[in-house]
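Visitor: Kindly generate the corresponding structure for this input.
(one chain, ligands or ions: 1)
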Amino acid sequence: MKRRKVLRVLVTVGPTQEPIDAVRFLSNRSSGRMGYAVAETAREAGCRVTLATGPVCLTPPDGVRVLRFETTQDLARLLEREAPRSDLVFMLAAVADWRPARAARGKRPRAGGRWALPLAPTPDLLARLGARRDRPFVVGFSLEERWNRARALRKMDVKRCDLMVLNTLRSMGADRTRLELLERMGHIASRAGSKSSCARWLVREVLRRYRGKGQQPRGELS
Ligand code: CTP
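Guide: Here you go, the predicted model:
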């Protein structure tokens, strides 16, 4: 009997840190909790999970392969390497949109008064991933100030992901969250609750859509 393929899932999670000098960095408030819950749930669902994590204060779940990144550039390299080996990517990483244009050498002394720090834009890693010919099935995460479905749908289009998850700033650092899953045609479903219960719901919905594209991952959540 033919063995069914085990789904290879990559979950990127947590903030990037962009160096200002040897001791300081630019980052954001992402806690990584939602991403870790997604990784754990995907593993429980029978997937082979790689967790690509930025610097967060969380213990990775058992049974997942862990890769670490700090800067956007680290994550870009990691995606180049891992995307072709993945069937499905959950792009939860809170990638910095800007980085200091040039990191200062050593530790910049405090004396010297004001300091204007020129920032340079980082590449849009999700858009790069979406533009790959051999791209996996990609789920983006749209973080909005307000419940702005139109903005999330535009991002899904520009970044060419298969599904987009809308959430708002209220989820950041909180125990609970509210998510809305979107496809090109618009709303699929939404859910509010603890991050772990939302992760279970989300992984189940995403696996269902993935299978709907003719793929047959092994394992399923009840
Ligand atoms: N993302 C990315 N590379 C970036 C910025 C964001 O890959 N440089 C990804 C995130 O991982 C997420 C998705 O793009 O899956 C949406 O991120 P979000 O912060 O909501 O959107 P931005 O593209 O940063 O746009 P804006 O800040 O204007 O909302």
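Visitor: Number of residues surrounding residue 95?
Guide: 23 (other CB atoms under 10 Å). In short, each C-beta sits where N, CA and C put it, glycine included.
Visitor: cool, residue 68 as well?
Guide: 14.
Visitor: Bridged to it, which residues?
Guide: Listed by DSSP bridges, the beta-bridge partners for residue 68 are residue 53.
Visitor: do residue 90 as well
Guide: Note on residue 90: beta-bridge partners residue 11, residue 139, judged by DSSP bridges.
Visitor: what about it, neighbour count?
Guide: Count around residue 90 with other CB under 10 Å applied: 29.
Visitor: what do you get for residue 140?
Guide: 25.
Visitor: So for the chain, the centremost residue is which one?
Guide: Closest residue to the average C-alpha location of the chain: residue 92 at 1.7 Å, with CA atoms, centre = their mean.
Visitor: Name the nearest residue to that residue, sequence neighbours excluded.
Guide: residue 35 (3.9 Å; CB to CB, 6 or more residues apart in numbering).
Visitor: Doesn't that neighbour lie inside a strand?
Guide: No. Counting by DSSP: H, G, I helix; E, B strand; the rest coil, residue 35 is not found in a strand; it is helix.
Visitor: which residues touch it?
Guide: 11-14, 51, 53, 90, 92-93 (CB atoms under 8 Å, 6 or more residues apart in numbering).
Visitor: Intersect these with the contacts of the ligand.
Guide: residue 93 (CB under 6 Å from any ligand atom).
Visitor: Save the contacts of residue 35 as CSV, and put in pLDDT too.
Guide: Converted to CSV, the contacts of residue 35 look like this (pLDDT from 0 to 100):
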residue, pLDDT
11, 98
12, 98
13, 98
14, 98
51, 98
53, 98
90, 98
92, 98
93, 98
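Visitor: Nearest to the ligand among the contacts of residue 35?
Guide: The ligand lies nearest to residue 93 out of the contacts of residue 35, by CB to the nearest ligand atom, at 4.7 Å.
Visitor: tally of neighbours for the residue lying closest to that closest one once chain neighbours are set aside?
Guide: Counting by CB to CB, 6+ apart, residue 12 is the residue found nearest to residue 93 once chain neighbours are left out, at 3.8 Å. Residue 12: 28 surrounding residues under other CB under 10 Å.
Visitor: what do you get for residue 103?
Guide: Neighbours of residue 103 (other CB under 10 Å): 15.
Visitor: dump the residue contacts of it.
Guide: Going by CB under 8 Å, 6+ apart, the list of residues near residue 103 reads 19-22.
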